[in-house]
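A.B. asks: what shape does this take:
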Amino acid sequence: MTKRLMDVETGEILEDIVSYRTKEQQEAINKKNRMKAYRDAQGTEKHPFYFAKMDKAREADKMLSMKEMGYFLVMQSYISYDNMLKMENDAKLPMTKKELMEVLKIKKPHTVNALVKKFIELGLVSEDKVELFGKEYKAFFINKEYCFRKDVNSKSSVKKTARVFMDNVKELYAEDKIKPADLGFIYRLIPFVNYHHNLITANPYEVDASKDKPLSIEEIAKALDMEEKLVSKKVSSLYWGDMAVFARIKVGKATVLKVNPLVVYRQEGYPPASMFAEFVITRKKK
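C.D. replies: Down below sits the predicted model:
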């Protein structure tokens, strides 16, 4: 509808106004623009990530098997900004149970039903009804106490969180040799990833880099209650494409671990190439 601006004293038509916005409409547009600017600045369009709460990863470790933790990590890599599971970032509808089976690589319905039931009972996941485009759908949501995708208006603290790059987790899990327990192993280590250099340390929140205490393979095995041989096997076998998930570094007689920042990263933004160059591997041609 065309509106006209008129001088109330003279009755003169000053100009035609094709459209106008209320204060509330302008505020909504400004909010949307701020959110887009934040996401662009963080690289979330090219490299979507979510924040995993490190203390909650420890909590999940006490409730779940390593295989179940792997499933939980994969599910977190499909959350939208409101923590709803979706197949793609821009998907209009929530992920169905059939699609959940597909992304988790589960073939039997009763297996995924039992898994979802357990996650719901533990408060990790909820299944709610949502109304979209005039229809009602069932949707899965990940509890925001465990992870979230921060936007410009979020007041959530990110000090004790780790960025998990969603597409890289999906690509890793798409590898034929990668099993749910392999992803669970990664999730179990998130609470130990140090902010300064992505090493697995005993003091991941230490602000003074000179006081960092990297954990040896033996110490990691004890912390996770795993056999040392199994930890070594996991570390050496996890990769996607030409990228390794872990780098082993010799410190004196001990071997310590560093996590690929393209999978888990504690700092701001997207990691520079200098931080992940050492994870590039060269495979022998057959």
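
A.B. asks: in contact with Cys147, which residues?
C.D. replies: Counting by Cβ atoms under 8 Å, 6 or more residues apart in numbering, Cys147 touches 50-53, 56, 76, 79, 83, 164. C-beta here means a position set from N, CA and C on the backbone, and glycine is covered the same way.

A.B. asks: now with 6 Å?
C.D. replies: When contacts are counted by Cβ atoms under 6 Å, 6 or more residues apart in numbering, Cys147 touches 50, 52, 76.

A.B. asks: could you list the low-pLDDT ranges of the protein?
C.D. replies: 1-45, 151-157, 282-286 (pLDDT under 70).

A.B. asks: the residue sitting nearest the centre point of it bridge partners, please.
C.D. replies: In the chain, the residue lying closest to the centroid (Cα atoms, centre = their mean) is Tyr50, at 3.3 Å. Beta bridges link Tyr50 to Val164, judged by DSSP bridges.

A.B. asks: name the residues that touch stretch 181-192?
C.D. replies: 52, 54, 57-58, 61, 66-67, 69-70, 73-74, 162, 200, 204, 224, 234, 238, 264.

A.B. asks: same check, this time on stretch 71-88
C.D. replies: Contact with stretch 71-88 is made by 50, 94-95, 99, 104, 139-142, 144, 147, 149, 151, 166, 169-170, 173, 180, 183, 187, as judged by Cβ under 6 Å, 6+ apart.

A.B. asks: swap the cut-off to 7 Å and go again
C.D. replies: Contact with stretch 71-88 is made by 50, 52, 60, 64, 94-95, 99-100, 103-104, 115, 119, 124, 139-142, 144, 147-149, 151, 164, 166, 169-170, 173, 180, 183-184, 186-187, as judged by Cβ atoms under 7 Å, 6 or more residues apart in numbering.

A.B. asks: quick one: the helices in the stretch 1-150 of the chain, in order.
C.D. replies: With DSSP state H, counting those that start in this stretch, the ranges of helices along the stretch 1-150 of the chain come out as 23-42, 54-63, 66-76, 97-104, 109-121.

A.B. asks: now, of the contacts of stretch 71-88, which are buried?
C.D. replies: Neighbour-count burial (16 or more other Cβ atoms under 10 Å) applied to the contacts of stretch 71-88 gives 50, 52, 60, 64, 94-95, 99-100, 103-104, 115, 119, 124, 139-142, 147-149, 151, 164, 166, 169, 173, 180, 183-184, 186-187.

A.B. asks: out of those, which sit inside strands?
C.D. replies: Cross-referencing the buried ones among the contacts of stretch 71-88 against strands under DSSP state E gives 50, 52, 139-142, 147-148, 164.

A.B. asks: distance-wise, check the residue nearest to Leu257 when sequence neighbours are not counted relative to Lys250.
C.D. replies: Nearest residue to Leu257, sequence neighbours excluded (Cβ to Cβ, 6 or more residues apart in numbering): Ile200, at 4.5 Å. Relative to Lys250, Ile200 is positioned 14 Å away (Cβ to Cβ, to the nearest Å).

A.B. asks: same drill for the two, tell me which one is more crowded.
C.D. replies: Using other Cβ atoms under 10 Å, the more surrounded residue of Ile200 and Lys250 is Ile200, with 24 against 8.

A.B. asks: alright, I will stop here.
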